[in-house]
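[1] sequence unknown, structure follows:
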């Protein structure tokens with residue numbers, strides 16, 4: 001894994017990444033219960049999401065790319081946890097890795113960069129909702145110090161069935 005990790009670069013997301021990020025996310029929309037979006041997006045529909053993650057502040061977008069080709073291998077975000085003002089020091093984090101790029105440590109690299117970027121921000125807690133089952137995501141979050149706080153049972157319906165979401169939190 002060490003050699004493969006050297007081939008990956010992590011940087012803040014940019015507007016030029018919009019098409020590739022939309023394609024990556026749409027895979028999870030169409031093929032998995034990982035996200036509860038149920039229809040694919042166009043890049044223009046995803047533009048507000050991308051623009052809501054500037055290069056500074058508590059809401060970040062970090063992108064992992066293949067150092068040789070520049071292809072996006074994954075991304076991690078910190079986004080508002082809830083819209084009310086008292087939640088402003090809490091973020092929800094998420095990681096998406098390209099389906100052919102798993103098991104290379106990309107999620108770890110993305111979270112390392114994301115949490116390093118958040119270290120100087122006025123953020124107190126990070127939360128992650130993980131649709132179940134998803135052992136790889138649970139392991140990643142636990143490695144980064146997230147602790148399990150509860151499950152929303154059958155909170156989302158997708159692909160004709162109900163899915164649970166386990167919630168994790170981390171002190172920042």
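    In hand now; what should we look at? Keep in mind that what you see is a predicted model, and the values were worked out from it rather than measured.
[2] Okay, now the unreliable bits of the chain?
    The chain contains residues with pLDDT under 70 at 1-6.
[3] can you give me the helices in this protein?
    With helices called from DSSP state H, the chain shows them at 2-6, 18-31, 43-51, 106-118, 135-143.
[4] The longest one packs against which elements?
    Helix 18-31 makes packing contacts with helix 43-51, strand 72-80, strand 90-97 when contacts are defined by 3 or more C-beta pairs under 8 Å, 6 or more residues apart in numbering; DSSP states H and E. Every residue, glycine included, has its C-beta placed from N, CA and C.
[5] re the thing from before, deepest in the core, which of the helices of the chain is it.
    Mean neighbour count, computed with mean count of other C-beta atoms under 10 Å, is highest for helix 106-118 among the helices of the chain, reaching a mean of 20.
[6] Name the residues that touch that helix?
    5, 8, 10, 12, 58, 60, 62, 64, 73-78, 91, 93, 95, 97, 126, 136, 140, 143-144, 172 (C-beta atoms under 8 Å, 6 or more residues apart in numbering).
[7] Just the buried ones among those, please.
    8, 10, 58, 60, 62, 64, 73-78, 91, 93, 95, 97, 126, 140, 144, 172 (16 or more other C-beta atoms under 10 Å).
[8] can you list the helices of the chain in JSON lines and add distance to residue 85?
    Formatted as JSON lines, the helices of the chain follow (distance: least, C-beta to C-beta, whole Å):
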{"stretch": "helix 2-6", "distance to residue 85": "39"}
{"stretch": "helix 18-31", "distance to residue 85": "28"}
{"stretch": "helix 43-51", "distance to residue 85": "20"}
{"stretch": "helix 106-118", "distance to residue 85": "19"}
{"stretch": "helix 135-143", "distance to residue 85": "27"}
